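Trainee: Provided below for reference: sequence and predicted model.
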Amino acid sequence: MECCVGCLIMMQPDLRGIYIAGGGVEGAVDALRESGRAHRIRLVVHPLTRETRAAITD
């Protein structure tokens, strides 16, 4: 997931949000952090579990 999200972020400079309905949240969070655009892109995930909540509130 990290590679996919990283490519999406690079290819879409106006990207404002990503919705993930399933696994791979940690990879998406890592890609956002590495991009330097985490403060501008919203990440919405389902299901919201203890692990995913910890990943996105960091």
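Mentor: Yep, that arrived.

Trainee: can you list the low-confidence ranges for the protein?
Mentor: Within the chain, the ranges that satisfy pLDDT under 70 run 56, 58.

Trainee: nearest residue to the middle of it?
Mentor: Taking C-alpha atoms, centre = their mean as the criterion, Ala28 is the residue nearest the geometric centre of the chain, at 3.6 Å.

Trainee: next, give phi and psi for it.
Mentor: When read as degrees, to the nearest 10, the backbone of Ala28 gives phi -60, psi -40.

Trainee: spatially nearest residue to it (excluding sequence neighbours)?
Mentor: On the basis of C-beta to C-beta, 6 or more residues apart in numbering, the spatially nearest residue to Ala28 that is not a chain neighbour turns out to be Val5, at 4.5 Å. Heads up, the C-betas are built off the backbone N, CA and C, glycines and all.

Trainee: packing partners for the helix or strand hosting the one you found?
Mentor: Secondary structure from DSSP states H and E places Val5 in helix 2-11. Contacting helix 2-11 under the criterion 3 or more C-beta pairs under 8 Å, 6 or more residues apart in numbering; DSSP states H and E are the following elements: helix 25-35.

Trainee: thank you, goodbye.
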